[in-house]
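Chemist: build the 3D model from these lines:
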Amino acid sequence: MFEKFGEMDNYKEINELAENLFNEGDVDSLRAMAKENGIPDDFVEMYLEGMIPELCDLTTAAVGKLDKEAEELKLKGLMLDWVEYIKGLCMQEVMIAHQVRKQGKNLKGCMAVLLKFSFENRVTVDKEIVKEAKIKASRVDFGVPGMADAKRMIREYYLGGSR
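Modeler: Model prediction:
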């Protein structure tokens, strides 16, 4: 995912590289680096035009990483909702945004925690519901964490159990 420029540990590294590339006049590389990190094109344009002093802030860098990871993982359905939970937490809590950007922390690992919980906490769906859904199976199991559990697990994954 971070093939050309490598995984940067925080938004300051992104901004430092952006400034160096800008000063060198290497706008193509600056655009490529921003794209690799999920920084929106409009931020790049505003940065290049001097409308903003830095390419990104902490939240933009964290959300950008999440967007790139979700795209690479080809997430769908509820897993996309979980990504939105993480983005919301990044916007509410500076430490979550900081940790999302950290090397070694990734969406794949967080999704794995949520999936494992879902699998381990599945329950058998009442036969009347299965019948009403017109599913022809002798048994249907279903497990998904509620929002509170999902947010708790996300915090634990990214913060290492704190909070």
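
Chemist: gap between the residue nearest the centre of the chain and residue 74?
Modeler: Among the residues of the chain, residue 66 comes closest to the average C-alpha position under C-alpha atoms, centre = their mean, at 2.3 Å. Separation of residue 66 from residue 74 (C-beta to C-beta, to the nearest Å): 14 Å. C-beta coordinates here come from the backbone N, C-alpha and C atoms, glycine included.

Chemist: show me the residues around residue 57 that make contact.
Modeler: Taking C-beta atoms under 8 Å, 6 or more residues apart in numbering as the criterion, residue 57 is in contact with residue 11.

Chemist: same deal with residue 122?
Modeler: Neighbours of residue 122 in contact, by C-beta under 8 Å, 6+ apart: 141, 142, 143.

Chemist: which one of the residues you listed is nearest to residue 56?
Modeler: Distance to residue 56 across the contacts of residue 122 (C-beta to C-beta) is lowest for residue 143, with 36.7 Å.

Chemist: might one say that the closest one is in contact with residue 124?
Modeler: No - the criterion here is C-beta atoms under 8 Å, and residue 143 misses it with residue 124 at 10.1 Å.
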